[in-house]
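A.B. asks: generate coordinates for the sequence data below:
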Amino acid sequence: MKTFKPNSIEAVILFILYICMQDKIISKEEIKELLVTAPILNKMYLDIFGEYIAIDLQKMIEEINSYLEKNRQNFLNKNISKFERDLISGLLTDFVTQDIALLASRNAASADGLHRLENLKYKYWSKKWNID
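C.D. replies: Numbers count the residues shown, from 1 in each chain. Here you go, the predicted structure:
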């Protein structure tokens, strides 16, 4: 299993794509919206870790999308599974990172119309993290 560093850009992208895939597909529109969000993600990393790291965001998105596709049975449950709770809770532990992940995931998932299952998972995490 691929490992992700908690509160990293990779963890945020994983969450964004996880929300986007709840309607069974990550659309081109969602990926495009995620790429538009890239400057916010880079600023997040700079603010949290005090350094700027140049990344190939498109390649990172493809790698994380591939990971999610290979493990889709763990992520596409109507109810939040123990696996999802443990993984996401362990990856996004910082309030600021959680806030950015939620905002970016809602924007990306809405690019092709926010599906009710995307919204369901979004609302679960928003409530769990006490972010409205």
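
A.B. asks: and the next helix or strand past the helix or strand where Leu46 lies?
C.D. replies: Taking DSSP states H and E as the criterion, Leu46 maps to helix 38-49. Counting by DSSP H and E, the element after helix 38-49 in chain order, helix or strand, is helix 57-70.

A.B. asks: follow-up on the earlier one: and the angle for the helix holding Leu46 with helix 57-70?
C.D. replies: Inter-element angle recorded for helix 38-49 and helix 57-70: 90 degrees (by axes from the mean of the first three to the mean of the last three Cα atoms, to 10 degrees).

A.B. asks: contacts for the helix or strand harbouring Asp86 next, please.
C.D. replies: Asp86 is located in helix 82-91, with elements delineated by DSSP H and E. The contact list for helix 82-91 (Cβ atoms under 8 Å, 6 or more residues apart in numbering) reads 4, 6-7, 11, 14-15, 18, 74-75, 77, 125, 128. (Each C-beta comes from the backbone N, C-alpha and C, glycine too.)
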